[in-house]
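Student: Need a 3D model of the sequence below.
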Amino acid sequence: MNQDRSTCRMPGCDRIPRGGGSFAGRFCSTEHEVKYDHLKADARDAKRSAERDSQEEDRL
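Tutor: Residues are numbered from 1 along each chain as shown. Okay, the predicted model is just below:
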């Protein structure tokens, strides 16, 4: 992934990231950082669920 982003990492946001805080130049706001973290967690959960379902089907 490109580390030299000039825009917020939140998909669809083209604002300039702010420095400082926990989001340290990657996001334009704390709200976008939190939402991005939730989106990533949801994607991980969906991937794990699909893998579990696939393993259960293989056992049958």
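Student: where's residue 14 relative to residue 6, distance?
Tutor: If you measure residue 14 against residue 6 using CB to CB, to the nearest Å, the figure is 9 Å. Every C-beta, even on glycine, is put in place using the N, C-alpha and C of the backbone.
Student: actually residue 30, sorry about that
Tutor: Separation of residue 30 from residue 6 (CB to CB): 20 Å.
Student: now do residue 41
Tutor: According to CB to CB, residue 41 and residue 6 sit 26 Å apart.
Student: Show the residue spans covered by the helices in the chain.
Tutor: Using DSSP state H, the helices of the chain run over 30-59.
Student: Quick one: low-confidence residue ranges for it.
Tutor: Residues of the chain that meet the criterion pLDDT under 70 lie in 1-5, 19-24.
Student: Report the central residue of it.
Tutor: In the chain, the residue lying closest to the centroid (CA atoms, centre = their mean) is residue 40, at 3.5 Å.
Student: Now do the contacts for it.
Tutor: By CB atoms under 8 Å, 6 or more residues apart in numbering, residue 40 lies in contact with nothing.
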